[in-house]
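Asks: sequence plus predicted model, see below.
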Amino acid sequence: MRTLGYLALALQVQGAAAPEGVLGGNLLRLVFRSSWLAQFVLLILLLFSVASWGIILYKLWTFRRAERQSTTFLDVFRKSSKFSEVHAVCKTLSDSPLVGVFQSGYAELNTQLRQTGGVSVTAQTIAPGGVQVRPTLKSLPAVDRALLRASTQEINKLEERVPFLATTASITPFIGLFGTVWGIISAFDSIGQTASTSLAVVAPGIAEALIATAAGLFAAIPAVYFYNLLAHRVKLFATQMDDFSLEFLNIAERNFT
Amino acid sequence: MEAVTAVLVDREREARGLSPMLACSLALHLLVAVAVAFGPGRWLAGTTTQVPKVVMSVSLGGGRGPDNGGSNPLGGRPVQQAVPAPEARPQPVRPPAAKTPEMTVPVPAPKARTKPLAETPRSEVKAAPEDARGRIPTTGPEEKFGSSFAETGVSGLGLGLATGGAGTGSSLDVGNFCCPDYLRIMTRRITENWNSRQGVTGITVMRFTILHDGRITDIGVEQSAGYVLDLTAQRALQRVGQLPPLPTAYTFPNLTVYLRFEYQR
């Protein structure tokens, strides 16, 4: 039998059709190549992501300012002996929710004292020491109600737009999943048309389709995290306001009844 | 309006800053998109993005395996390996035997004094028939195969895939190429047209492209081993000229092959 020479063979798949890695820098090309529905899904997800990150940054920034100003405000409130002094500071610390509560309570106090004694609270001292004419409050529960109204409003203000994060967190995975399922449907359709089950036919369609799920998760994960974080901080603000309301009521009861 | 309500209404307006933050977020997303699109691929995908160029390598060492009708690895084992016939060793020149003197008394041959051995009973154990024993193949001038081929009906790849049998020393790494059967046809057609014995050793690597309809184009020398050997390899490819069309399972428009011709003396 003839002995063959040694023969070795190497094949190379060639040309532009060579499967390049999806993540090898041409993710965008893959996106532009995909169907209009997939692009639409990705656009919606992008909008959700942009909006939720905008809200996240905005809320973090607002809460940071609110916390700082609340600390300053509490400092001023506890050190000063007159409500009028505290009220003067309020304009510079308007981002703190406590300021809203205080202003509301202060307005109610002022109204009641004017009606009863004709003397404004601005002339009164918190400390009972130097009081000449002791003004009295008509109704302490009314002050309480005013504080409660303000506190509710402040909480609403703090919570504003945070539910959008919860919406993003729950909706975007589904939107992404929808895009993926649609993409896989069309991938299988193309398998049927070409009558070929080779990976080279199936894989690009599926890779394209999976981008939508990835984008959905990309939008959802930060939204979940920051929603929980922000909700927790709103709760902290709420307890702080409750605490402040009680403190305010105590002082009012001590001095004006 | 009541004083408290006035305060509440005043407080109701929202602090500004949402739109700048939205713009900031948009910029952030654009930045991420640009980084993903134009950044190095290994940020996201590690180092595995490099597609290995060689998807298949075949070597045909030793004898050629059966092209089809797959042989049972044991049954198809060669019983005799091909070894070049040893050169006849020159016999030493012997001097002619000395003539015996004619007039001598013949010496009677000494009688055998050994006693005949007692008859030993034969062993009851029967040895396996000679054919059934696995043995190291003998060597001889040509290759011979065992007698117990088993027709399995399986079509071998003809590239020495039946490694247990005839194709000793062959190896095949199909990689992720879809259709090794096509390669069998291709290599057979090329080796039929190739004269591997040029009297010198050397390795020529040729590069060519098979179009979708099976034509061989772009024949070029990738690694030269001298003019004659290159020319022989090139002629083998040119003589083949037309191969069967590429299989439908192979979806790319054409196939580039690096083929290694190894000449043996």
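Replies: Yep, that arrived. Residues are numbered from 1 along each chain as shown, chains lettered A, B, ... in the order given.
Asks: distance of the nearest residue in space to B:G17 that is not next to it in sequence relative to A:E160?
Replies: Using CB to CB, 6 or more residues apart in numbering or on different chains and skipping residues adjacent in sequence, the residue nearest B:G17 is A:Y58, 5.7 Å away. Every C-beta, even on glycine, is put in place using the N, C-alpha and C of the backbone. As defined by CB to CB, to the nearest Å, A:Y58 lies at a distance of 10 Å from A:E160.
Asks: could you do A:A220 as well?
Replies: Distance from A:A220 to A:E160, counting by CB to CB: 21 Å.
Asks: count of residues packed around B:Q264?
Replies: When neighbours are defined as other CB atoms under 10 Å in any protein chain shown, B:Q264 has 14 of them.
Asks: where does pLDDT dip in the stretch 101-250 of chain A?
Replies: Applying pLDDT under 70 to the stretch 101-250 of chain A flags residues A:117-134.
Asks: that older thread, just want to know which of A:A220 and A:E160 has more residues nearby.
Replies: A:A220 (24 against 15).
Asks: the more buried one against A:A166, yeah?
Replies: No. Counting by CB atoms under 8 Å, A:A220 stays clear of A:A166, with 10.5 Å between them.
Asks: what helix or strand is the residue in the stretch 101-250 of chain A positioned nearest to chain B on?
Replies: Across the stretch 101-250 of chain A, the shortest distance to chain B (CB to the nearest CB) belongs to A:A107, at 3.8 Å. Here A:A107 sits within helix A:97-117, counting by DSSP states H and E.
Asks: who are the packing partners of that helix?
Replies: Judged by 3 or more CB pairs under 8 Å, 6 or more residues apart in numbering or on different chains; DSSP states H and E, helix A:97-117 is in contact with helix A:36-79, helix A:83-89, helix A:140-159, helix A:199-256, helix B:3-12.
Asks: save those helices as JSON lines, and put in distance to B:T201 too.
Replies: Shown next, in JSON lines, are the helices and strands packed on helix A:97-117 (distance: least, CB to CB, whole Å):
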{"stretch": "helix A:36-79", "distance to B:T201": "57"}
{"stretch": "helix A:83-89", "distance to B:T201": "98"}
{"stretch": "helix A:140-159", "distance to B:T201": "84"}
{"stretch": "helix A:199-256", "distance to B:T201": "39"}
{"stretch": "helix B:3-12", "distance to B:T201": "94"}
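Asks: which among those helices is found nearest to B:F252?
Replies: Closest of the helices and strands packed on helix A:97-117 to B:F252 is helix A:199-256, at 7.2 Å (criterion: CB to CB).
Asks: quick one, the closest one and helix A:36-79 angle?
Replies: Between helix A:199-256 and helix A:36-79, the angle comes out at 20 degrees (axes from the mean of the first three to the mean of the last three CA atoms, to 10 degrees).
Asks: so where's the stretch 101-250 of chain B uncertain?
Replies: Along the stretch 101-250 of chain B, segments meeting pLDDT under 70 span B:101, B:112-118, B:120-123, B:130, B:133-137, B:145-177.
Asks: mind checking the end-to-end distance for stretch B:126-144?
Replies: 28 Å (CA to CA, to the nearest Å).
Asks: if we can go back for a sec, nearest to B:A132, out of the helices and strands packed on helix A:97-117?
Replies: Of the helices and strands packed on helix A:97-117, nearest to B:A132 by CB to CB is helix A:199-256, at 45.5 Å.
Asks: I'd like the distance from that closest one to the chain centre, please.
Replies: Distance of helix A:199-256 from the chain centroid (CA atoms, centre = their mean, to the nearest Å) equals 5 Å.
Asks: quick one: it near chain B?
Replies: Yes. Counting by CB under 8 Å from any CB of the partner chain, contacts between helix A:199-256 and chain B involve A:A200, A:V201.
Asks: by how many degrees do that helix and helix A:140-159 diverge?
Replies: Using the same axes, to 10 degrees: helix A:199-256 against helix A:140-159 is 160 degrees.
Asks: and the longest helix anywhere in chain B, what does it pack onto?
Replies: For chain B, the helix that runs over the most residues, judged by DSSP state H, is helix B:18-38. With contacts defined as 3+ CB pairs under 8 Å, 6+ apart, the packing partners of helix B:18-38 are helix A:27-33, helix A:36-79.
Asks: what angle sits between the longest one and helix B:18-38?
Replies: Read it as helix A:36-79. Helix A:36-79 runs at 140 degrees relative to helix B:18-38, counting by the same axes, to 10 degrees.
Asks: who are the contact partners of the nearest residue to A:K59 once chain neighbours are set aside?
Replies: With sequence-adjacent residues excluded and distances taken as CB to CB, 6+ apart, A:K59 is closest to A:L230, at 5.3 Å. Residues near A:L230 by CB atoms under 8 Å, 6 or more residues apart in numbering or on different chains: A:I56, A:K59, A:L60, A:F63, A:V162, A:L165.
Asks: which residues touch A:T197?
Replies: By CB under 8 Å, 6+ apart, the neighbours of A:T197 are A:I191.
Asks: again, but for A:T116
Replies: With CB under 8 Å, 6+ apart, A:T116 has these contacts: A:P135, A:T136, A:L137, A:K138.
Asks: mind telling me what element the second one is part of?
Replies: Read that as A:T136. Here A:T136 is assigned to no helix or strand, by DSSP H and E.
Asks: could you measure the residue of the stretch 51-200 of chain B found nearest chain A against B:P253, distance?
Replies: Per CB to the nearest CB, B:S196 is where the stretch 51-200 of chain B lies closest to chain A, at 3.3 Å. Using CB to CB, B:S196 is found at 32 Å from B:P253.
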